[in-house]
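Student: give me coordinates for this.
(2 chains)
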Amino acid sequence: NAGVTQTPKFRVLKTGQSMTLLCAQDMNHEYMYWYRQDPGMGLRLIHYSVGEGTTAKGEVPDGYNVSRLKKQNFLLGLESAAPSQTSVYFCASSSGTDGMNTEAFFGQGTRLTVV
Amino acid sequence: ELKVEQNPLFLSMQEGKNYTIYCNYSTTSDRLYWYRQDPGKSLESLFVLLSNGAVKQEGRLMASLDTKARLSTLHITAAVHDLSATYFCAVDPSMNYGGSQGNLIFGKGTKLSVKP
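Tutor: So this is what the prediction gives:
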C-alpha cells in the first residue's frame, strides 16, 4: 500500500549545503515528477522523467539536478542550497500511457527550510 | 509554453450553495485532472478527464472538459463544510492527441472555504 514515498519528510539546511531528496514508487510507473509548492504559486514542475535513464527540465529547474537510475526511484539534488529553495517538495508518478488510469499519484511531501 | 489558469483563486461559500471553478489552458491537450489538497497534506486525485465532452461526478462535485474551448469546470452542488480545501486542475499536453509528453502542469489552485 506504499504508493509514492518521499524521504525525508522534514529538513533544515544551511545556505550552501547540499542534499538529496529521494522518491520511491512501487506502482511500476514510467513517469515521475518533482514539484515545489509555494504559497500563492501552486505547484511548479522542477524536473520530470518519462522513463528510466531519462530526465527533462520543467518550469523551474535552476539550482536542482535529478537522476533516474532505477525505474522506481527519482532523486532530486540541491547542490548549494539557497533560502529561495525553502519550499514544500512533492514527488509524483504516473503511468503516462493511454488508458483510464493516467493520473499522477503524489507522495506526502518534504518540507525544506534553508536558513 | 503551457499556461493553466484557474479562477477564482479564493472562494468563500455558504453551505447549500452552488458554484463553479474554471480551469483554462493554453495548448492542445485531451488530458485534464482535478486534485484536492487539504491543509498540510498531499494531493488527492478527484477526476480524470480524457476526452472532449467528458463529464465525471462524485458526490457533490462534477467535472467536465471542453477541449475545443480549452476549458474544464468543477461544479459544486449544495456545498458542505467538508468540501473546504484547495482544488487544483492539471493539464498534460498531448502530442496530437497521442501519448503524454510528461510535463504535467498545474494551475495555482482554488482555495475553497465553505461556511455554515
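Student: when you work out contacts or count neighbours from here on, use the C-alpha atoms and nothing else.
Tutor: Noted.
Student: what pairs with the lowest-mean-pLDDT helix or strand in chain B, and is each one parallel or antiparallel?
Tutor: Ranked by mean pLDDT, DSSP states H and E, the weakest helix or strand in chain B is strand B:105-106, scoring a mean of 92. Using DSSP bridges, the strands paired with strand B:105-106 are strand B:85-91 (antiparallel).
Student: export the partner strand as PDB, just CAs?
Tutor: Provided in PDB are the C-alpha atoms of strand B:85-91 (Å, rounded to 0.1, in the frame of the first residue of the first chain):
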ATOM      1  CA  ALA B  85      -9.900  22.500   0.600                       C
ATOM      2  CA  THR B  86      -7.700  23.700  -2.200                       C
ATOM      3  CA  TYR B  87      -8.700  22.400  -5.600                       C
ATOM      4  CA  PHE B  88      -6.100  22.100  -8.500                       C
ATOM      5  CA  CYS B  89      -6.500  21.400 -12.100                       C
ATOM      6  CA  ALA B  90      -3.600  19.900 -14.000                       C
ATOM      7  CA  VAL B  91      -3.000  19.600 -17.800                       C
END
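Student: list phi and psi for the residue in chain B that chain A sits nearest to.
Tutor: Of all residues in chain B, residue B:108 sits closest to chain A, at 3.9 Å by CA to the nearest CA. Per-residue torsions, residue B:108: phi -80, psi -10 (degrees, to the nearest 10).
Student: list the contacts of the closest residue to it other than its chain neighbours.
Tutor: The spatial neighbour of residue B:108 that comes closest, neighbours along the chain excluded (CA to CA, 6 or more residues apart in numbering or on different chains), is residue A:42 at 3.9 Å. Taking CA atoms under 8 Å, 6 or more residues apart in numbering or on different chains, we find residue A:42 in contact with B:106-109.
Student: could you give the bridge partners of the most centrally placed residue in chain A?
Tutor: Taking CA atoms, centre = their mean, the centroid of chain A lies closest to residue A:34, which sits 2.6 Å from it. Beta bridges link residue A:34 to residue A:47, residue A:91 when assigned by DSSP bridges.
Student: and the closest residue in space to residue A:8 that isn't next to it in sequence, how many neighbours?
Tutor: Nearest residue to residue A:8 in three dimensions, chain neighbours excluded: residue A:110, at 6.2 Å (CA to CA, 6+ apart). Residues near residue A:110, counting by other CA atoms under 10 Å in any protein chain shown, number 20.
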